[in-house]
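Trainee: Here is a sequence with its predicted model. Questions after.
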Amino acid sequence: MTDGSNPGSRAQGRRGSRWIWLSAVVIAVLVIAGGFAAIAKPWTPEFRHGGLTVTPPPDTGQVFPEVAPARSDAPAPTVAGIAAALAPVIGNPDLGAFAGQVTDPSSGTTLWSQDPTKPMIPSSTAKIMLVAAALLTLPDDQRVATKVLAGASGELVLVAGGDPTLTTQPAGGYFTDGARISDLAAQVRAAGKQANAIVVDTSLYSGPTMAPGWDPIDVPEGSIAPIEPIMIDSGREVFSIDYSPRTSTPALEAGRALAAELGIDPGAVRVDPAKQTGTEIAKVESAPLRVRLHDMMIHSDNVLAETIGRELALASGQPASFAGAAAATSAALSAAGFDVTGLHLADNSGLSVDDRVTPKLLEAIIATAAKPTGSGAVIPAGTQARPESDPRAAALAPLLDNLPVAGATGTLAPRYARFITQNRQGAGWVRAKTGTLSVASALVGYVLDRDGRVLTFALMSNDRPPEVSRPALDAVAGALRDCGCS
């Protein structure tokens, strides 16, 4: 499921004023035929073990997006105005243990907060930290390669390079521009190499394949696969389904997929964690990092998050393991000046119930990405002088473009939608990363208020089931949209 746009082209078009680019939030989602946008795959909960019920899709219609720039002269919101807007919703007991923060990024003013430094279970909003760390550290055109070497004794060596987006589908698999196993096989045939066995070299990654705080049931229920450095469609058994059951042996299955293309007995495929040698005879590459980050955020794909985390680890001199990837993410954020006090990561996807992060950190990342930058940046209304440019803002700008749109794309498609009676005011205006576990829900992103001012927010709920807390969180973000808070 994508939002129908090209993340690569958008990533290269951010020059001058951030406010022109931030206009992407101003999306009027108009629906006909009593339904909402025909989205490819939104009708499953973000994580099955979140305890949500899968509902049948409503009648579908057609979306007509309308995009306009955010107002350059929008009046500045006030602390009192935000407090009045949020008062009716932040006391809702459905929020459970609730913490959050709201900022006006154009002035840098914190407008509202509640326990902003309290470490909370972030669930999938942890991916925001991974994306920020990757954007600050790695080239946005970075690709990962999968190679085949000519091994000894009639063997081919499939060298796993950390790509879970490989596919066996001729027309493309689950991810955007994923490399094809058939292309790898075609190069092997063109090289004239005859083989009767395949060994899959998984030496790139080290450590456990499952993180602390993960539930093994999430493999057959479709939230995760054991993290190995090569997979077909992120380990899905049915490539087109978000929460398809995942294989427990992804590297072996990738080797068997290549064997099937080459007419080699699948029983002659084995996995070896030792580094292999040989002459390279074939290679395919993943989509660029900017495309994979977009897919990861829109789909909230945990496997892709963990493998990108290991790219970051390797680039930072850390082991390509859960611990190494978590350390690399934390170090990148700290080096960029973000306060990582209270941060504890067991993984990079947010699937672990052992993860802890403060709303202050998550919201600071979004607020930094949303700061006006460049020569075209306007002087925010209500301020006396132009704020100093933050060099991190331009680097983090693509993060905003990777956030799902309420009622329209990704994990926010079924929320704020027309068939839901609550919180309709946020549809098309709230743009945020969702997070859902059985013990936690979160919503982190940005919205335009009624005056046309961009507000960033981090809203985190623990100790309530998601079917209770998610509507309550949506109401808080919706109240920010409804706010004329100047």
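Mentor: Arrived safely, thanks for sending. Numbering: from 1, shown residues only.
Trainee: is it fair to say Leu473 lies in a helix?
Mentor: Yes: according to DSSP: H, G, I helix; E, B strand; the rest coil, Leu473 belongs to a helix.
Trainee: Hmm, it is touching Ser441, no?
Mentor: Yes: counting by Cβ atoms under 8 Å, Ser441 is a contact partner of Leu473 at 5.9 Å. (Glycine included, C-beta is placed from N, CA and C.)
Trainee: So between those two, which is more surrounded?
Mentor: Set side by side, Leu473 and Ser441 show more neighbours around Ser441, with 33 against 29, by other Cβ atoms under 10 Å.
Trainee: what's the spacing between that one and Asp390?
Mentor: 30 Å (Cβ to Cβ, to the nearest Å).
Trainee: swap in Asp265?
Mentor: In terms of Cβ to Cβ, Asp265 sits 58 Å off from Asp390.
Trainee: And these two? Which one has more around it.
Mentor: Set side by side, Asp265 and Asp390 show more neighbours around Asp390, with 18 against 12, by other Cβ under 10 Å.
Trainee: Which residue ranges of the stretch 51-200 of the chain form helices?
Mentor: 79-90, 127-137, 181-190 (DSSP state H, counting those that start in this stretch).
Trainee: out of the ones you listed, nearest to Ala364?
Mentor: Ala364 sits nearest to helix 127-137 of all the helices of the stretch 51-200 of the chain, at 9.7 Å, using Cβ to Cβ.
Trainee: contacting residues around that closest one?
Mentor: The contact list for helix 127-137, computed with Cβ atoms under 8 Å, 6 or more residues apart in numbering, reads 289, 293, 296-297, 300, 305, 308-309, 311-312, 315-316, 328-329, 332-333, 335-336, 338, 343, 345, 348-350, 357, 361-362, 365-366, 369, 392, 395-396, 398-399, 402, 433, 444.
Trainee: May I see the helices of the stretch 51-200 of the chain organised as a markdown table, with mean pLDDT, mean neighbour count and distance to Trp112 added?
Mentor: Formatted as a markdown table, these follow (pLDDT from 0 to 100; neighbours: other Cβ atoms under 10 Å; distance: least, Cβ to Cβ, whole Å):
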| stretch | mean pLDDT | mean neighbour count | distance to Trp112 |
| --- | --- | --- | --- |
| helix 79-90 | 96 | 16 | 5 |
| helix 127-137 | 98 | 26 | 19 |
| helix 181-190 | 97 | 17 | 51 |
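Trainee: so where's the stretch 1-150 of the chain shaky on pLDDT?
Mentor: Scanning the stretch 1-150 of the chain for pLDDT under 70 picks out the ranges 1-69, 72.
Trainee: 90 instead, please
Mentor: Along the stretch 1-150 of the chain, segments meeting pLDDT under 90 span 1-75.
Trainee: if we can go back for a sec, list only buried entries from the contacts of helix 127-137.
Mentor: Neighbour-count burial (16 or more other Cβ atoms under 10 Å) is assigned, among the contacts of helix 127-137, to 289, 293, 296-297, 300, 305, 308-309, 311-312, 316, 328-329, 332-333, 336, 338, 343, 345, 348-350, 357, 361-362, 365-366, 369, 392, 395-396, 398-399, 402, 433, 444.
Trainee: any idea what sits nearest Ile230, other than its immediate chain neighbours?
Mentor: Leaving out its chain neighbours, the residue that sits closest to Ile230 by Cβ to Cβ, 6 or more residues apart in numbering is Ala160, at 3.5 Å.
Trainee: what is the rounded mean pLDDT of stretch 392-400?
Mentor: The average pLDDT for stretch 392-400 rounds to 94.
Trainee: cool, stretch 301-311 as well?
Mentor: Averaged over stretch 301-311, pLDDT sits at 98.
Trainee: Repeat that for stretch 321-339.
Mentor: Regarding stretch 321-339, the rounded mean pLDDT is 98.
Trainee: centre of the chain versus that stretch, how much separation?
Mentor: Stretch 321-339 has its C-alpha centroid displaced from the chain centroid by 17 Å (Cα atoms, centre = their mean, to the nearest Å).
Trainee: What lies in contact with it?
Mentor: Stretch 321-339 has contacts (Cβ under 8 Å, 6+ apart) with 129-130, 132-133, 136-137, 205-208, 211-212, 227, 306, 309-310, 312-313, 315-316, 318, 340, 343, 345-348, 360-361, 364-365, 368, 392.
Trainee: First-to-last residue distance for stretch 89-109?
Mentor: Stretch 89-109 has an end-to-end distance of 22 Å (Cα to Cα, to the nearest Å).
Trainee: The residue nearest to Ile230 - how many residues pack around it?
Mentor: 26.
Trainee: I figured it was touching Pro250, is that so?
Mentor: No: the pair Ala160 and Pro250 does not pass the contact test of Cβ under 8 Å, sitting 9.5 Å apart.
Trainee: Need the overlap of contacts for the two.
Mentor: In contact with both Ala160 and Pro250: Glu228, Ile230, using Cβ under 8 Å, 6+ apart.
Trainee: After the strand or helix carrying Leu362, which helix or strand is next? Please name it.
Mentor: Using DSSP states H and E, Leu362 sits within helix 359-369. Next helix or strand after helix 359-369 toward the C-terminus (DSSP H and E): helix 391-401.
Trainee: If I take that next one and helix 359-369, what angle do their directions form?
Mentor: 100 degrees (axes from the mean of the first three to the mean of the last three Cα atoms, to 10 degrees).
Trainee: Report all helices and strands that helix 391-401 contacts.
Mentor: Here helix 391-401 touches helix 7-11, helix 18-21, helix 127-137, helix 289-299, helix 359-369, going by 3 or more Cβ pairs under 8 Å, 6 or more residues apart in numbering; DSSP states H and E.
Trainee: so for stretch 268-277, what's the average pLDDT?
Mentor: Here the average pLDDT along stretch 268-277 is 96.
Trainee: Just give me the neighbour total for Val144.
Mentor: Around Val144 sit 25 other residues, with neighbours defined as other Cβ under 10 Å.
Trainee: Kindly report the same for the one 3 residues further on.
Mentor: Residue neighbour count, defined by other Cβ under 10 Å, stands at 19 for Lys147.
Trainee: Do I have it right that it meets Gly162?
Mentor: No: contact status for Lys147 versus Gly162: not in contact, 11.6 Å apart, counting by Cβ under 8 Å.
Trainee: who are the neighbours in contact with Thr146?
Mentor: So Thr146 contacts 158-161, 163, 166, 179, 184, 230, 283-286 (Cβ under 8 Å, 6+ apart).
Trainee: same question, Glu237
Mentor: Ser244, Pro245, Arg246, Thr247.
Trainee: how does this structure divide into domains?
Mentor: Domain assignment for the chain, taken from automatic domain parsing, gives 7-139+308-482, 145-287.
Trainee: Now do the contacts for the residue nearest to Ile230.
Mentor: Contacts for Ala160 (Cβ under 8 Å, 6+ apart) come out as Thr146, Val200, Asp201, Thr202, Ser203, Leu204, Tyr205, Glu228, Pro229, Ile230, Ala251, Ala254.
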